[in-house]
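# Okay, predicted coordinates and the sequence, questions at the end:
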Amino acid sequence: MTGSSLRYLIKEGFRNTWTNRMMSLASICVLMSCLVLIGSASMIFLNIDSLLSKIEEENVVMVYIEDDTTDEEIAQMETDIEAIGNISDIEFVSKEEAWEEQLATMDEADAAFFTTVSSEIPLPDAYKVTVSDLNLFDDTVEAINQLDNIDVVRENKDLAQRLVSIRQGVSVIAIVIVAVLFVISMFIISNTIRLTVYSRRLEISIMKSVGATNNFVRLPFVVEGMILGIVSGLIGLGLVWGVYELAINQFSDLLSSLNLQALEFSDYALLMLGIFVAIGIITGVGGSLITMRKYLNKEGSEISAV
């Protein structure tokens, strides 16, 4: 195929999109609706995942140190804990600091009583350890327990297991919903394009009867599919952005009362645009290729029926 032929067929694709603008508009609306559903579901699950991540950060392991441990051994313990791996953060909590925090939670009379009864601090030094991957939570805690100068290790294994189960469940649900919506998009757009191809079956038959190759006939429809996909992706992104910001504004008071903060859509806009355009092109081009197959094999038989 020469360059001039390619340019002609691409221009034909744009011209046909405008000529059949009602069918093009229907295809855009259908695909755009599916993309809005996919984008909205994705933002919901991204916010849920962000919330789970914040909860995971609070699921720390408290490593209490034996009273007779020297400062050098305490410093070495921090190095040993970091060497275990799967540690996102480690913070030393001195017994003086922990005791001050404990007294701050008491009323004035109780705090005065405990400070006058004894000058000794009844708490040990400790390390507050945050685990990176909760799937390796048990292995990490077991490795910490093997270190020297450990008095006791306190952890919330049940919460860690629940968070892992919730995250896995959310991931599976998100993948299933997005996959189902993608299949629905492909099915609907294919049927919409099928109507477009059917309404132009005589044109296709004429082109085939004069010796046009399948690729020559197919390319304008492929260009149409790409145009429909790109336009649907751009409009879909704008609608998802608007719906998301509207929902955030509506629930802002509730989020503030729960001390939660929604994700910024702008952080994901570029990535979502790329995904939307890719889905649009795949469904548009794929739908065009699938629905044209039977018409390209008729070898102009529609002419004889006219």
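Sure, I can see it. Numbering: from 1, shown residues only.
# CA atoms for contacts and neighbours, from now on please.
Fine.
# element containing the residue lying closest to residue 263 once chain neighbours are set aside, please.
Spatial nearest neighbour of residue 263, excluding adjacent residues (CA to CA, 6 or more residues apart in numbering): residue 47 at 6.3 Å. Element membership for residue 47 (DSSP states H and E) is helix 21-58.
# for the record, mean pLDDT for that helix?
For helix 21-58, the mean pLDDT works out to 79.
# For that helix, which residues meet the burial criterion?
Applying a neighbour-count criterion of 16 or more other CA atoms under 10 Å, one finds 23-24, 27-43, 45-46, 48-49, 56 buried in helix 21-58.
# before we move on, what about stretch 198-209?
The neighbour-count check on stretch 198-209 (16+ other CA under 10 Å) flags 201-209 as buried.
# Report the contact partners of residue 176.
Residue 176 sits next to no residue when contact means CA atoms under 8 Å, 6 or more residues apart in numbering.
# got the residue ranges for the strands in the chain?
60-65, 87-93, 126-131, 150-154 (DSSP state E).
# Paired strands for the last one, with orientation please.
As defined by DSSP bridges, the strand partners of strand 150-154 come to strand 60-65 (antiparallel).
# for the third one, same thing?
Using DSSP bridges, the strands paired with strand 126-131 are strand 60-65 (antiparallel), strand 87-93 (antiparallel).
# any chance of those strands in JSON lines, plus mean neighbour count and distance to residue 274?
Putting these into JSON lines (neighbours: other CA atoms under 10 Å; distance: least, CA to CA, whole Å) gives the following:
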{"stretch": "strand 60-65", "mean neighbour count": "21", "distance to residue 274": "37"}
{"stretch": "strand 87-93", "mean neighbour count": "15", "distance to residue 274": "31"}
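# can you list those in JSON lines and add distance to residue 129?
Output for the strands paired with strand 126-131, formatted as JSON lines (distance: least, CA to CA, whole Å):
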{"stretch": "strand 60-65", "distance to residue 129": "5"}
{"stretch": "strand 87-93", "distance to residue 129": "5"}
